[in-house]
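>>> heads up, no residue letters with this:
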């Protein structure tokens with residue numbers, strides 16, 4: 001009875017080893033399939049750091065004020081429109097606000 005039990009246990013151990021080997025083969029095959037089907041992620045390109053000053057964002061009033069201050073004799077609305085690309089109505093509003101803040105003065109149609 002004992003000999004029969006030993007034989008049965010050995011047979012079970014042998015079967016378990018075989019099943020383990022078969023499952024390992026199946027796992028390897030599945031890993032290969034996953035590698036083939038998985039889309040490759042594009043590598044991130046190294047970004048170059050920009051060295052230098054960043055352009056400071058200016059509002060239209062600052063732009064107009066800078067142009068007026070650069071001109072020695074003053075400047076009129078038509079010339080400001082050409083230099084800035086703003087429409088005359090927009091420029092008139094900007095000039096009104098600058099005059100109200102007393103940042104510029106006007107002498108006739110010329111702003112100083």
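Yep, that arrived. Just so it is clear, the structure is predicted and the values come from calculations on it, not from any experiment.
>>> distance of residue 105 relative to residue 71?
13 Å (CB to CB, to the nearest Å). Using the backbone N, CA and C atoms, a C-beta is placed for each residue, glycine as well.
>>> which of these two has more neighbours?
residue 71 (15 against 12; other CB atoms under 10 Å).
>>> from what I see, residue 83 and residue 70 are in contact.
No: applying CB atoms under 8 Å as the test, residue 83 and residue 70 come out as separate, 9.7 Å apart.
>>> sketch out the low-pLDDT regions of the protein for me.
Applying pLDDT under 70 to the chain picks out residues 37-44, 49-57, 112.
>>> nearest residue to the middle of it?
Nearest to the centroid of the C-alpha atoms of the chain, with distances taken as CA atoms, centre = their mean, sits residue 47, at 11.5 Å.
>>> output the contacting helices and strands for the host helix or strand of residue 78.
If you go by DSSP states H and E, residue 78 is part of helix 77-84. Here helix 77-84 touches helix 60-70, helix 88-100, going by 3 or more CB pairs under 8 Å, 6 or more residues apart in numbering; DSSP states H and E.
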